[in-house]
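Trainee: A structural model of the following input is requested.
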Amino acid sequence: MIRHGTLLFRVAQFSKYLPPLRLSCGKTNRNCTSKSCTVEEIPVIQVFSSPSCTLCDEVLFQLEQLRLTYHFKIETVNIKENQLWKRKYQYDIPVIHVNDQYLCKHSLDLELLHARLKLSRK
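Mentor: Now for the predicted structure:
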């Protein structure tokens, strides 16, 4: 069982291993001098959860491990702070959205997430 404090500690441990920014020129350094080079849009994964949800902790930990392979940003949405999300998802957390589009609920569907992240690379 993973608690929030432990998860945040593990996130801090892995953050130094995250890949650098991806640039449209194919380079990965942040100091590209090409005028036509832009930073590619990074997908945003939203995890709808609540503070006492151990399944949510597991999903967040899996996502942090996946960040070693893919570029994406993780946003955690506490459903108890928003009545709309609470009514919609209170019995289904964790719920995962990618770029504001529903992906899965209750557990992380890795195959579907891999497919969605590969599409965002193109």
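
Trainee: which residues in this structure form helices?
Mentor: Ranges of helices in the chain, per DSSP state H, are 4-14, 54-66, 83-89, 110-121.

Trainee: residues touching L63, list them.
Mentor: I45, V47, F72, I74, L108 (Cβ atoms under 8 Å, 6 or more residues apart in numbering). From N, CA and C alone the C-beta is placed, and that goes for glycine too.

Trainee: Go again with 6 Å.
Mentor: I74 (Cβ atoms under 6 Å, 6 or more residues apart in numbering).

Trainee: among the helices of the chain, which gets the worst mean confidence?
Mentor: Of all these, mean pLDDT reaches its minimum on helix 4-14 (a mean of 45).

Trainee: circling back to that earlier point, now tabulate the helices of the chain in JSON lines and tack on distance to Y102.
Mentor: Below are those laid out as JSON lines (distance: least, Cβ to Cβ, whole Å):
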{"stretch": "helix 4-14", "distance to Y102": "23"}
{"stretch": "helix 54-66", "distance to Y102": "14"}
{"stretch": "helix 83-89", "distance to Y102": "10"}
{"stretch": "helix 110-121", "distance to Y102": "11"}
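
Trainee: now, of these, which is deepest in the fold?
Mentor: helix 54-66 (a mean of 18; mean count of other Cβ atoms under 10 Å).

Trainee: what inclination does it have with respect to helix 110-121?
Mentor: Angle between the axes of helix 54-66 and helix 110-121 is 50 degrees (criterion: axes from the mean of the first three to the mean of the last three Cα atoms, to 10 degrees).

Trainee: picking up where we left off before, out of the helices of the chain, nearest to E41?
Mentor: Taking Cβ to Cβ, helix 110-121 is the member of the helices of the chain nearest to E41, at 7.7 Å.
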